[in-house]
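# The sequence isn't on hand, but the structure is:
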């Protein structure tokens with residue numbers, strides 16, 4: 001990432017080697033695997049990190065480009081890919097300044113990015129409040145899952 005660190009930002013390069021010890025959640029994997037199963041073209045995974053989602057997607061046969069702002073996290077991901085004989089394009093870049101030559105059928109981002117997506121010509125196709133695809137309820141839903149489509 002560029003710019004100075006603030007108190008609330010995490011230095012992912014420093015914690016990359018231990019990140020997987022603390023982030024062990026897998027409750028969202030069935031949702032993303034089901035979404036990816038419908039995709040025939042390349043998938044862009046933004047904020048890929050150490051590959052918690054990337055590895056299962058690749059094992060399921062997805063064609064993936066993994067982008068993250070932390071080279072340390074991507075080094076861990078690259079090591080995992082090599083150990084499992086999996087292939088993905090891995091790029092270290094700020095997702096806000098990303099320029100890629102490929103046109104992707106789907107982009108995955110597990111952070112709120114809706115305003116920027118609208119600015120880039122996407123529209124909301126669905127908004128879920130849980131990985132079971134239930135409707136989003138502002139006061140009750142644990143997450144916001146935006147399904148966006150490119151206009152025109």
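Yep, that arrived. Because the structure is a prediction, the values reported are computed rather than measured.
# in the protein, which spans are helices?
For the chain, the helices defined by DSSP state H occupy 12-15, 19-22, 29-37, 54-59, 71-83, 114-119.
# Tell me which of these sits most buried.
helix 54-59 (a mean of 20; mean count of other Cβ atoms under 10 Å). Every residue, glycine included, has its C-beta placed from N, CA and C.
# out of the helices of the chain, nearest to residue 90?
Nearest to residue 90, of all these, is helix 71-83, at 5.3 Å by Cβ to Cβ.
# Can you give the distance from that closest one to the centre of its chain?
15 Å (Cα atoms, centre = their mean, to the nearest Å).
# on contacts alone, who are the packing partners of it?
helix 12-15, helix 19-22, helix 54-59, strand 64-68, strand 89-92 (3 or more Cβ pairs under 8 Å, 6 or more residues apart in numbering; DSSP states H and E).
# for those, which one sits closest to residue 118?
Comparing these by their distance to residue 118 (Cβ to Cβ), the top pick is strand 64-68, with 20.1 Å.
# Pull the distance from that closest one to the chain's centre.
Distance, centroid of strand 64-68 to centroid of chain: 8 Å (Cα atoms, centre = their mean).
# Where does pLDDT dip in this protein?
Within the chain, the ranges that satisfy pLDDT under 70 run 1-9, 111-112, 114, 151-152.
# Go again with 90.
The model of the chain has pLDDT under 90 over residues 1-10, 94-126, 143-152.
# a markdown table for the helices of the chain, including distance to residue 44?
Shown next, in a markdown table, are these (distance: least, Cβ to Cβ, whole Å):
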| stretch | distance to residue 44 |
| --- | --- |
| helix 12-15 | 19 |
| helix 19-22 | 21 |
| helix 29-37 | 11 |
| helix 54-59 | 11 |
| helix 71-83 | 14 |
| helix 114-119 | 12 |
